[in-house]
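> Model the structure of this input:
(chains A and B)
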Number of protein chains: 2
Amino acid sequence: MIDMKVSTANLKAVPVLRVPESAEEDNEEQLVDSVAERIHAAKKPVLLVDGEIRGLGVVPHIARLVETTKWPTWIAGFARGMIDETIDNVYGLYASKYGTDEEKAYFEGADLVLHFGPHLTNTNTFIFTTIPKAEATISFPRNGVNIGGKLHRDIPTRRFLDKLLAKLDFSRTVKIQSPPPKIKPATSALSKDLPDSGAIVQQDFFPLVSTMFKQGDMILTETGTAAYGGRLLSLPADCRFFTCVTWLSIGYMLPATLGAAVAYREVLQKSSKQNGETSATTAKTPAHSGRATLFIGDGSFQMTAQEVSTMVREKVPVTIILLNNNGYTIERAIHGRTQAYNDIAKWNHEYVLGLFGQTEEQRRRNYTRVDNWGQLKAAMDKVKVAEGGEDNGEVRLVEVFMDQEDCIGALRDLMDRQINQGPGAKGGATTS
Amino acid sequence: MIDMKVSTANLKAVPVLRVPESAEEDNEEQLVDSVAERIHAAKKPVLLVDGEIRGLGVVPHIARLVETTKWPTWIAGFARGMIDETIDNVYGLYASKYGTDEEKAYFEGADLVLHFGPHLTNTNTFIFTTIPKAEATISFPRNGVNIGGKLHRDIPTRRFLDKLLAKLDFSRTVKIQSPPPKIKPATSALSKDLPDSGAIVQQDFFPLVSTMFKQGDMILTETGTAAYGGRLLSLPADCRFFTCVTWLSIGYMLPATLGAAVAYREVLQKSSKQNGETSATTAKTPAHSGRATLFIGDGSFQMTAQEVSTMVREKVPVTIILLNNNGYTIERAIHGRTQAYNDIAKWNHEYVLGLFGQTEEQRRRNYTRVDNWGQLKAAMDKVKVAEGGEDNGEVRLVEVFMDQEDCIGALRDLMDRQINQGPGAKGGATTS
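Next up, the predicted model:
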């Protein structure tokens, strides 16, 4: 064991990141001109924003394009939370055939798709159905520009977009007269007749539960039907949203929630301190308790549940919405719908918070069981924190019971195929 | 996904393992003669048995030597459960300076140490203190014979011991007249004055708790102070014992208990069936419920606790003795006695069995909290299963509270060194 004091000077130095020079420097100016010309000439353009824009450092560039052009904009799952979905011309997640016919028709009829930060995994593209047709597309993958299928390499994305934005004349970009209708799932869910005693189904659950979110919320969806159904969430402005788009590592999002919520708390404390030092009235970030909301299935929860005790110990404000659909529903949809390997041990989740550090009184107060719409609405009133409202910082757990074959979208198609094959089909037999 | 039926024929075929021919065939006979001669000539011999004998397939060979020569025999941690420690000439674990002075003096005064299946990790040798001096030792590592420090390679151990046993004339081996006194920790613990209200300490806990074991029990000790203190356990005859001797992977032994207990159940069922087919009265294996007892610390338990739910689901009879000493005691002994990184989140273990699938009534019945000797004795009466007694098959949890710096043996030395360094010493400062 070595113990010695080392200087903290290097921890304070802010590294200077320099954009490297490109090998295609001469060509780059022509490409900027060419892309700008396409943008000026487009009659029916759309924007498609994906999550690599964060790593590329171009979120502000894209936000400016979205807000200035007011062109219809769709988001890939990975980019949710990076672009404000409450803006009129932002339609939220692009879901191709799993979304509305109007949006799909409009998107596919575009004469220009600007595709930023593509991350083309099957999960992030609704099984490759949301990738726009190459001939209408200019895409911006990491350090490249792809025009109509031809990739120009070694062009730093941020530098290119800096130049492009400087070149664009927004008085020349088309004003969209007939955008597709924007559906607000949360609003439609509220107006829907969901009987108090009716069983919870994912198709209505996620829109309805979205109504409890407010500006600045942190929301996370764990792999499985939680992330799949979570595509139906309506996100508030200034939302921190994390979902799984690539590796789908089961159990990851629960400890990730702990880490993200600790980081968010530090950001809020720092922001609050900075605002306090200048003027309390000029604070840009609204007061927020830093509470994070995690959606996670019962199967995933069993992988990493013990980190709930670290949340309790570190007093990290987290609300866990546990979707209890009796096992690995996403796996049932894919293979072996009624096989024993998709069943899990039964947990009595009312003891979770007690085991993981809360007192008997706390665990009873912070656990809520939901079997129907009436109980869900009551639970939402109980756990949500109003804008600027008090938050006691305790971990809360809402267990929502759903049918073990309830799922949406592409998963629904897979599940229906399993059901139609019958119990004797591939992997469909019940083991004794 | 591919679904097709494959033949199970290969699963039924028993592989035939052939002992390979040795390159030293000519020399091997001379070596057998030489080792036999040393055994016949020894005046003060001892046996030291280590755990590689299981993989080498020579457990019966060693058992025969132990029982026939009646020479004083010691066991390394890895070999516990392979040799019956209730036999008079078997002294249990050899602990060198951490054991009794009489045993150490006798062992070190031996003119011949037969050392079988050595596994020379620091954990399995009390930090290398139990390795016998080379000049008096003939050791049998994997496929070799080491005589006085000279290793003869490529000699299959089982074949060599087959030949050696055939060659030995047990009428010529020395009869030991003055063996060292054999301490029976369990007996001494029972006769010790442990006041009902006295706090539990490891030095007396493990001997005392040994008194609840019976023939055929399966016992497991997880890495940490559980395995370290578990060296003080007295094992019953026909014991299945598993401890950690090499990698010390934290949390491993809990799911290992699940697996071992499932396997034991299958062995018992098969044995019971076979006995039933011939004659119920000739059954060699005594009736045993297959209950396994796991000793595990509170820190380790947090790593893999969820597998308790699989035990409950699969109705595997396991008793968990959870040593709650408030964090990573073994790490406190090694480094950073009062550092925050050796603290853990507080769990309320009375909810463990409830969360992991037992009913409210079951979890209350099967959880026992122990703070002192009186409660420990009551808990032992409650959880132990008498010979041939009824066992309802439920998972039981006994939580035993101990001081966070309570440990034994070499760990005690390390902890005392940490304490003597004071709070300002290496890693000893409390972080705020």
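
> Could you verify my assumption that A:Met253 touches A:Cys244?
Yes - using CB atoms under 8 Å, A:Met253 makes contact with A:Cys244 at a distance of 6.7 Å. All C-beta spots, glycine's among them, are computed from the backbone N, C-alpha and C.

> Assign A:Ala152 to helix, strand or coil.
For residue A:152 the amino acid is His, not Ala. With DSSP: H, G, I helix; E, B strand; the rest coil as the basis, A:His152 sits in strand.

> Now the worst-scoring helix or strand of chain A on mean pLDDT: buried residues?
When the helices and strands of chain A are compared on mean pLDDT, DSSP states H and E, helix A:185-191 comes out lowest with a mean of 74. Within helix A:185-191, the residues scored as buried using 16 or more other CB atoms under 10 Å in any protein chain shown are A:Pro185, A:Ala186, A:Ala189.

> which other helices and strands contact it?
Under the contact definition 3 or more CB pairs under 8 Å, 6 or more residues apart in numbering or on different chains; DSSP states H and E, helix A:185-191 sits against helix A:202-210.

> What is the subsequent helix or strand relative to the helix it packs on?
Where DSSP states H and E defines the elements, the next helix or strand beyond helix A:202-210 is strand A:218-221.

> chain center to that following strand: distance?
Per CA atoms, centre = their mean, to the nearest Å, the displacement of strand A:218-221 from the mean C-alpha position of its chain is 7 Å.

> ditto for stretch A:402-414
With CA atoms, centre = their mean, you get 19 Å for stretch A:402-414.

> From the rest of the structure, what touches that stretch?
With contact meaning CB atoms under 8 Å, 6 or more residues apart in numbering or on different chains, stretch A:402-414 is reached by A:95, A:98, A:126-127, A:199-203, A:205, A:225, A:228-229, A:231-232, A:323-327, A:329-330, A:332-334, A:337, A:415, A:419.

> tell me which residues in it are buried?
Going by neighbour count (16+ other CB under 10 Å), the buried part of stretch A:402-414 is A:Met402, A:Gln404, A:Glu405, A:Asp406, A:Cys407, A:Ile408, A:Gly409, A:Ala410, A:Leu411, A:Arg412, A:Leu414.

> what's the closest of those residues to A:Leu47?
A:Gly409 (22.7 Å; CB to CB).

> how close does that closest one get to chain B?
Going from A:Gly409 to chain B by CB to the nearest CB, to the nearest Å gives 20 Å.

> confidence score at that residue?
The score at A:Gly409 is 89. That number is its pLDDT.

> For the residue of the stretch 101-250 of chain A found nearest chain B, give me its contacts.
Residue nearest to chain B within the stretch 101-250 of chain A (CB to the nearest CB): A:Ile250, separated by 12.6 Å. Residues in contact with A:Ile250, defined by CB under 8 Å, 6+ apart, are A:Glu222, A:Thr223, A:Gly224, A:Gly299, A:Ser300, A:Met303.

> Which ones among those lie within helices?
In helices, defined here by DSSP state H, the members of these are A:Gly299, A:Ser300, A:Met303.

> For the stretch 251-400 of chain A, give me the ranges with low pLDDT.
For the stretch 251-400 of chain A, residues meeting the criterion pLDDT under 70 lie at A:276-286.

> what does it put close to chain B?
Taking CB under 8 Å from any CB of the partner chain as the contact definition, the stretch 251-400 of chain A meets chain B at A:302-303, A:305-306, A:309-310, A:312-313, A:334-335, A:345-352, A:354-358, A:363.
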